[in-house]
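Trainee: With the input below, show me the fold.
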Amino acid sequence: MNFVDYQNLVTQVNQWNHAYHVLDAPLVSDAEYDATFRQLQIIEQENPDWLISESPTQRVGDIVSSAFKKIPHDVKMLSLANAFSIDETVNFFVKAAKELAIPLAELSIFSEPKLDGLAISLRYENGLLHYAATRGDGQIGEDVTHNIKTIQSIPLKLNTETPPEILDVRGEVFMTKAVFEHINQLAQTQNARTFVNPRNAAAGTIRQLNPKITAERALQFIPYGIGAYSGEIIFSLHSEILVYLVELGFKSNPNNDAFFANQTAFEQDYQRMENLRDSLPMEIDGIVYKIDTLDLQQKLGFISRSPKWAVARKFPAQVMTTKLLDVDFQVGRTGVLTPVARLEPVFVSGVTVSNATLHNMDEIERLNLCIGDSVEIHRAGDVIPKVVKVVAEGESRKKIVMPQNCPVCNSPVIRVENQAAWRCSGSLACGAQIAERIKYYASRNCMNIRQLGTKLIEVLCEQSILNNVADIYRLQIDDIANLEGQGEKNATKILAAIEASKQTQFSTFLTALGIPEVGESGAKNLARYFKTLDELRTADIETLVQIPDVGVVTANNVRTFFDDATHNQLVNDLLTVGVTWDENKNVENLQPLAGQIWVLTGTLSSPRNEIKAKLERLGAKVSGSVSAKTTYVLAGEAAGSKLSQAQSLGVKILDETQFLELMQTYDTN
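Mentor: Here you go, the predicted model:
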């Protein structure tokens, strides 16, 4: 594998993350995602100089939906490393024991079924439920308090006379199998959209704007730990925390277990849960094993996205056999054609599956796959499974051939040099690419035109009202108001959002242009180096490759983009219709606290989540613990051990008045 293939793999996994965590519309099976993520980790371990900041291994999950208010987590909601066999599970804890310099048999392991639902953090302040947030990207989640309050198994007030000042309860919101079947049967009778699986149903229900619907769906919650807390909460074991949470009024999981680490114990526990799996009222997709001793957990700590003291032992993916009926080719935003298998419908784990991604022609060749073959597919609760192998060749096999012309615009299809991809050469003349590019331009991470949704874009493109991204700014009220389901009031809101998007940032504009290999991180790098668009437009390859994290491939893509007359005209059109930015506000100006680490402690007059969000907007990282690397500690009233630790380490300490004075020197709007 070369660096370009690695970058393509990063892009692919990020797309899967977005579809799974933000859209609740998974594109690949859990098994395929896990295998690909592992492949990415191995590649980065073997080629550490390739590592790029946008790699999903450097984060937890993906971005939050723009439909809900954002809430920063005081303590990250981390993901878990995965194990797929007994040997991998045992080896994970052998490595932990070695790092701790103790025998494996002295590790007390706590076993919990891995509930297939939605991770939620519940913030309690002085015993009362203050807010609830989804995992989001691990650092910032979505405010779903209005729906969480409808869940009967979540106490609105903790069952104690001496509650901690702050307590974040972490757990899983899920839907039982019985409720899932009931709501899908009801949806079918009403000709409404059914849910894919209980996890998808729980996520969709939590994101309902009508809490009455959430209440009707009888979601449940089981805690698996705590995040931020203050006050006198002293435990030595993780299992003690769970007992404490039950005392506070939360539901317990009767299938938890504990044992000392050895291969036989892991095998017996795995068999226990596998035997219980089908009889449980909820879906589980594995077992979470944790070192029970909190002191040992703290000594081991974390890697970038997961703890070094816990691992998820995943159950094997569902395997079924069906027939490959045909292959279609879908055209994406960048013109890449993706083969999609059309399968003879097969019922897998409660869902009828009829499609599977084939990724690219190299994968088809590797599988020796032809239309008419019987194929084995893997599925683990997702919409689109993976074709794993050919089980039996069909009697009249038909070779799968990449079309010579784009199925949308009929432009020639060309092979991308040194890649497995084939791309439509129609570029901005291709209808499929036009719509996808406009969707990308208007998306949250780009120009963030929230009201201009994907369905509306598709309709406007179909009617040739939108033919490129600059046409967004030429829309008239009647173009939208006369469409079915819109109207003048909605059209007015959409046009207002479009108008507001004209004032942007240079890096955001570069991201929205959709230059291959130039995402948010790459666009910020370019914006730091080039102070004006004209400087970037005329930069040669030699200059571009001098920029940190801009390699030869990205440099060539930037140069190719701006050498194209159509692209240059489009950029000029965007500037003509009023898209603009303040060239004096570059990335460094926007994040003057970049590289700083802050810690908040004690009682503060402003909500902690607001202070944290303000600091992060300015580029600072907000940590839950004090170390020699901490830049500032913001200390409120009744600050405890963190203040003492900061004083002993010589870390700068600010009270709230000093903090507000410092913030006045920055533009934090």
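Trainee: residue contacts, residue 90?
Mentor: Residue 90 is in contact with 104, 261, 262, 263, 266, counting by C-beta atoms under 8 Å, 6 or more residues apart in numbering. Bear in mind the C-beta positions are built from the backbone N, C-alpha and C, glycine included.
Trainee: pLDDT for those residues - can I get that in CSV?
Mentor: Converted to CSV, these look like this (pLDDT from 0 to 100):
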residue, pLDDT
104, 94
261, 93
262, 93
263, 93
266, 95
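Trainee: Longest helix of this structure, counting residues only.
Mentor: helix 30-46 (DSSP state H).
Trainee: Can you mark which positions in that helix are buried?
Mentor: Across helix 30-46, burial judged by 16 or more other C-beta atoms under 10 Å covers 30, 31, 32, 33, 34, 35, 36, 37, 40, 43, 44.
Trainee: Looking at the contacts of residue 90, which is nearest residue 124?
Mentor: residue 261 (33.2 Å; C-beta to C-beta).
Trainee: Please name the nearest non-neighbouring residue to that closest one.
Mentor: residue 107 (4.1 Å; C-beta to C-beta, 6 or more residues apart in numbering).
Trainee: I'd like the distance between that neighbour and residue 33.
Mentor: 29 Å (C-beta to C-beta, to the nearest Å).
Trainee: got it, and residue 271?
Mentor: Taking C-beta to C-beta, one finds residue 271 at 26 Å from residue 33.
Trainee: Am I right that residue 573 is in a strand?
Mentor: No: using DSSP: H, G, I helix; E, B strand; the rest coil, the assignment for residue 573 is helix, not a strand.
Trainee: Number the residues from 39 up from this point.
Mentor: Got it, first residue is 39 now, which makes that one residue 611.
Trainee: All the strands of the stretch 489-638 of the chain, in order from the start?
Mentor: Ranges of strands in the stretch 489-638 of the chain, per DSSP state E, counting those that start in this stretch, are 541-542, 618-619, 635-639.
Trainee: What of the stretch 89-238 of the chain?
Mentor: Using DSSP E, counting those that start in this stretch, strands in the stretch 89-238 of the chain cover 108-110, 119-121, 146-153, 156-163, 166-172, 178-180, 204-212.
Trainee: could I get the ones you listed as JSON lines with mean neighbour count?
Mentor: JSON lines is the format used below for these (neighbours: other C-beta atoms under 10 Å):
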{"stretch": "strand 108-110", "mean neighbour count": "21"}
{"stretch": "strand 119-121", "mean neighbour count": "20"}
{"stretch": "strand 146-153", "mean neighbour count": "22"}
{"stretch": "strand 156-163", "mean neighbour count": "23"}
{"stretch": "strand 166-172", "mean neighbour count": "21"}
{"stretch": "strand 178-180", "mean neighbour count": "23"}
{"stretch": "strand 204-212", "mean neighbour count": "23"}
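Trainee: Do I have it right that residue 79 meets residue 95?
Mentor: Yes: here residue 79 lies in contact with residue 95, judged by C-beta atoms under 8 Å, at a distance of 5.7 Å.
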